[in-house]
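>>> below are the sequence and a predicted model for it; my questions follow.
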Amino acid sequence: MPDSLPADSVGIVTPQSYHFDTPIELACGQSLGSYDLVVETYGELNADASNAVLICHALSGHHHAAGYHSMEDRKPGWWDSCIGPGKPIDTNRFFVVSLNNLGGCHGSTGPSSDNPETGKPYGPEFPVITVSDWVKSQALLADRLGIECWAAVVGGSLGGMQALQWSLDYPDRLRHAVVIASTPRLTAQNIAFNEVARQAITSDREFHGGRYYDFDTLPRRGLMLARMVGHITYLSDASMGEKFGRELREEAYKFGYDAEFQVESYLRYQGERFSESFDANTYLLMTRALDYFDPAYEHGGDLSRAIAAATCEFMVLSFSTDWRFTPQRSEEMVNAMISARKKVSYAEIDAPWGHDAFLIPTPRYTDIFTAYMDRVAREVGA
Amino acid sequence: MRPDLEIIQQWIKPGHHVLDLGCGDGTLLDYLQRERQATGFGLEINPDHITTCMSKGVAVIEQNLDTQGLDNFDDGMFDVVLMTQALQAVRRPDKVLDEMLRLGREGIVTFPNFAHWRLRWGLALSGRMPESEALPYKWYNTPNIRLCTFKDFEALCRQKGIRIKSRRVVDGQHQNSWSARLWPNLLGEIAIYRITRENEQ
């Protein structure tokens, strides 16, 4: 809990819910008749609505990207390091929109929401959502907010995929796509980790084929395991080494199988906390959206042909120790943009924290992000 | 504007797609974008320069010529490939020249002349590695690991079948002096070469 709000915080924010009752057609062939999106905004939309920036969240993210919901909050929003007055995404200049994606579990319609047709949670009946579907729903949200064209669409990891997809699906509706610690498609190894996570969830006896809501239970164990394996892929060997090393919780080995190493107890704690606060079906859905993302697929695997549709400018950032989405994956994207003659800037930030580095402000990351967004702001007169 | 950049910009036509190898803080590309409506990229490895490029709106790619090469760029995708004051700092200038003319119809290269009289004089007189305004480093920390003279460069071009379309020789302040024109390899400090393949027009 902050005693007082930091000067560079957006302060106390209140999420808002937007209801949509025109059916949305989804990539899987199904449609959702009506749905809600929960949204936070920071800063002021200018008169010509040119200063809007869309924040796209990652796998376990949500709409609460910056500021605090109350003075009792332990922590600010998940990207508070980059969003706020004087921060890279400067809320004195930009109108920032952050939503919980469709299929999420933080207020937007998802598997844990009630299906209006049955009055019971959707559970496994909730359609599989793709990155393209998210972008489509975000475009409908933009219509609702009166935003014809985003100054920038920004995201890290799975959020970066949405920024890239925006540039292909709605080329006229964004000026810049900022794609951080992301990839144009998952590798077999990435999909394999997702599969382990999904197996952990679906093989939990409390999963009940995804209908655990009806049984008044949660597949805690499975979701905890899923989060533990995921969490390992977000960190680097070096950062785990620095944080935990081989440190024991007590002085000597106990010759048993309880959590004796600090890293074990950390992962268990993180997993347990996550399993109480996140919906297992949403986790399945979001990992599937990751697996399916591959804009080159419809273009014979040629990413530069897929990117040909884009007209915005791109900034791509990668992190040196990210082994989940390595700098090579970002470079693949950048090279396709170069081949397609798109305007793109790219930097690989030296940071020890693995994939999580995109959430951690380091001087070079902050400088480069600030420099780019400052120029975006100048371009739109913000 | 720096006089060498002034000379270079005259060789860029409106709408040209250019690649600037070692683009520094993006001054040249920024100018070419604004004044020549050129498009293109700069490659750079210095973090501060990269940040400055981004704030100027110059498309900059963090890429190291020595370790990463230029394989990610397609044949003939640029009208002009530029390299100002960086040829002497790469590990294989000969290969970089080949790559420049693979990617672009034309190359523009500038580098300091190691046969300038002051450098010759300094070496002859003191017996120490020369230093100058254009080459302000010690022998052990200089990034300029492939210094050459105008004559050396021209010999390499001949050997590679590279045609020199034009050459401008300037002094340390990048001024065009009559003496440098008269006796370039002795009196010129920096040369600006416009090169192309023999069979190109």
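Received, thanks.
>>> please make it C-alpha for all contacts and neighbour counts, starting now.
Fine.
>>> domains of chain A: list them as residue ranges, please.
Domain assignment for chain A, taken from the TED database, gives A:16-185+A:294-380, A:190-288.
>>> and of those domains, who's closest to chain B?
Of all the domains of chain A, domain A:16-185+A:294-380 sits nearest to chain B, with 4.6 Å by C-alpha to the nearest C-alpha.
>>> would you map the strands across chain A?
A:16-20, A:24-25, A:31-32, A:35-42, A:52-56, A:83-84, A:89-90, A:95-99, A:114-115, A:120-121, A:152-156, A:176-180, A:313-319, A:344-349 (DSSP state E).
>>> which strands or helices does the second one pack on?
Looking back up the chat, that one is strand A:24-25. Helices and strands touching strand A:24-25, by 3 or more C-alpha pairs under 8 Å, 6 or more residues apart in numbering or on different chains; DSSP states H and E, are strand A:31-32.
>>> sheet partners, orientation included, of the strand it packs on?
Using DSSP bridges, the strands paired with strand A:31-32 are strand A:24-25 (antiparallel).
>>> how far does stretch A:252-260 sit from the chain's center?
Offset of stretch A:252-260 from its chain centre (C-alpha atoms, centre = their mean, to the nearest Å): 36 Å.
>>> give the buried residues for that stretch.
For stretch A:252-260, burial by neighbour count (16 or more other C-alpha atoms under 10 Å in any protein chain shown) applies to residue A:260.
>>> got it, and stretch A:120-127?
For stretch A:120-127, the neighbour count (16+ other C-alpha under 10 Å) marks A:121-124, A:126-127 as buried.
>>> mind putting those in CSV, distance to residue A:58 and pLDDT included?
Formatted as CSV, those follow (distance: C-alpha to C-alpha, whole Å; pLDDT from 0 to 100):
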residue, distance to residue A:58, pLDDT
A:121, 24, 97
A:122, 22, 97
A:123, 21, 97
A:124, 22, 96
A:126, 20, 98
A:127, 19, 98
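>>> out of the residues you listed, who's nearest residue B:55?
Ranked by distance to residue B:55 (C-alpha to C-alpha), the buried residues of stretch A:120-127 are led by residue A:127 at 42.2 Å.
>>> residues touching the closest one, list them.
By C-alpha atoms under 8 Å, 6 or more residues apart in numbering or on different chains, residue A:127 lies in contact with A:28, A:30-31.
>>> same thing but 7 Å
residue A:30 (C-alpha atoms under 7 Å, 6 or more residues apart in numbering or on different chains).
>>> for it, phi and psi?
Backbone torsions for residue A:127, taken as degrees, to the nearest 10, come to phi -60, psi 150.
>>> residues of chain B that sit close to chain A?
B:51, B:54-57, B:59-62, B:72-74 (C-alpha under 7 Å from any C-alpha of the partner chain).
>>> mind picking the two most distant members of those?
B:55 and B:74 (27.0 Å).
>>> who's more crowded, these two?
Using other C-alpha atoms under 10 Å in any protein chain shown as the criterion, residue B:55 and residue B:74 rank with residue B:55 on top: 23 against 14.
>>> give me the nearest residue to the more buried one, chain neighbours excluded.
Leaving aside its chain neighbours, residue B:55 sits nearest to residue A:371 (4.6 Å; criterion: C-alpha to C-alpha, 6 or more residues apart in numbering or on different chains).
>>> need the contact list for that neighbour.
Residue A:371 touches B:51, B:54-55, counting by C-alpha under 7 Å, 6+ apart.
>>> bridging residues for the residue nearest the centre of chain B?
Centroid-nearest residue in chain B: residue B:84, 2.6 Å away (criterion: C-alpha atoms, centre = their mean). Note on residue B:84: beta-bridge partners by DSSP bridges are residue B:110.
>>> look up how far residue A:194 lies from it.
From residue B:84 over to residue A:194 the distance is 47 Å, taken as C-alpha to C-alpha, to the nearest Å.
>>> before we move on, what about residue A:150?
Distance of residue A:150 to residue A:194, computed by C-alpha to C-alpha: 32 Å.
>>> these two: which is more packed in?
Comparing residue A:150 with residue A:194 by other C-alpha under 10 Å, the one with more neighbours is residue A:150, at 25 against 22.
>>> does residue A:322 really touch residue A:355, like I thought?
Yes - contact criterion C-alpha atoms under 7 Å: residue A:322 and residue A:355 qualify, at 4.4 Å.
>>> neighbour-wise, which of those two wins?
residue A:355 (29 against 25).
>>> which ones are touching that one?
By C-alpha under 7 Å, 6+ apart, residue A:355 lies in contact with A:181, A:234-235, A:322-325.
>>> what distance do you get for it to residue A:17?
Counting by C-alpha to C-alpha, the gap from residue A:355 to residue A:17 is 31 Å.
>>> can you check residue B:61 too?
In terms of C-alpha to C-alpha, residue B:61 sits 40 Å off from residue A:17.
>>> neighbour count for these two, which is higher?
residue B:61 (28 against 14).
>>> surely that one is in a strand?
Yes - counting by DSSP: H, G, I helix; E, B strand; the rest coil, residue B:61 is found in a strand.
>>> wouldn't it be in contact with residue B:47 here?
No - look at residue B:61 against residue B:47 with C-alpha under 7 Å: they stay out of range, at 10.8 Å.
>>> tell me which of the domains of chain A is the most buried.
Ranked by mean neighbour count under mean count of other C-alpha atoms under 10 Å in any protein chain shown, the domains of chain A are led by domain A:16-185+A:294-380, which reaches a mean of 21.
>>> how long is it from one end to the other?
Counting by C-alpha to C-alpha, you get 26 Å between the two ends of domain A:16-185+A:294-380.
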